[in-house]
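[1] From the sequence below, what's the structure:
(one chain, ligands or ions: 1)
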Amino acid sequence: MQSFVPHPRPTPKRRNLHKVPFVELFAGRLQGVVSSGSSDDRVYISLIQAGSGDFYCSTNNNRPCGGLRGGPCKHIDALVSNAVAQYGAERVCRYLGVPEVTENTWQITNQLGGDKQKVEAGEVFARFLDYLRYVELPSSTEPRPEMAWFVTG
Ligand SMILES: [Zn+2]
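    Numbering: from 1, shown residues only. Sure thing, here's the model as predicted:
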């Protein structure tokens, strides 16, 4: 009789949960929530469209990020570097359609070739709030696949 042996998952590297509490590859986007550098109660919703390389960043109240002039802001940089820590550079680059696989955040954003393209922050923020609900659930020994993004190794 054969027993079921699950394939071991690669252990994610430690990412900075304080700086980037939420990052995911979802719906053709790399998207996430990035803490504001200056204020503790403000967060930025940053995202990159796979394929086109279009990007956007705004506060959770839909105020456009002031750092988006002419290219991705520092929040998008933080999003990419934490996505690389979480998923590995290869998966992030493949997902985004970036030709050259590199762990260097600056090189990844440099290869995007997209433009600023507005997306409602609420689309991403609602998903973040959904995930937070799982955090508040009582702990259990059962695996919770929805929480896989939260494992920091
Ligand atoms: Zn920004």
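[2] For this structure, what lies in contact range of the ion?
    Within the chain, the positions adjacent to the ion are 44, 57, 65, 67, 73, 75 by C-beta under 5 Å from the ion. Placement of C-beta: from N, CA and C, glycine included.
[3] 6 Å instead, please
    Residues of the chain lying close to the ion (C-beta under 6 Å from the ion) are 44, 46, 57, 65, 67, 73, 75.
[4] For the third one, give me its contacts.
    For residue 57, the contacting residues are 34, 44-47, 64-65, 67-68, 72-73, 75-76, by C-beta atoms under 8 Å, 6 or more residues apart in numbering.
[5] what about 7 Å?
    44-46, 65, 68, 73, 75-76 (C-beta atoms under 7 Å, 6 or more residues apart in numbering).
[6] From residue 134, how far off is the closest residue to it other than its chain neighbours?
    The spatially closest residue to residue 57, leaving aside those adjacent along the chain, is residue 65, at 3.8 Å (C-beta to C-beta, 6 or more residues apart in numbering). If you measure residue 65 against residue 134 using C-beta to C-beta, to the nearest Å, the figure is 27 Å.
[7] More neighbours: which of those two?
    Taking other C-beta atoms under 10 Å, residue 65 and residue 134 do not tie; residue 65 has more neighbours (21 against 11).
[8] Now do the contacts for that one.
    44, 57-58, 73, 75.
[9] and residue 46, which of the three is it?
    With DSSP: H, G, I helix; E, B strand; the rest coil as the basis, residue 46 sits in strand.
[10] Phi and psi next, for the residue nearest to residue 57.
    For residue 65, the backbone dihedrals are phi -70, psi 130 (criterion: degrees, to the nearest 10).
[11] what's the answer for residue 75, then?
    Recorded main-chain torsions at residue 75 are phi -70, psi -40, according to degrees, to the nearest 10.
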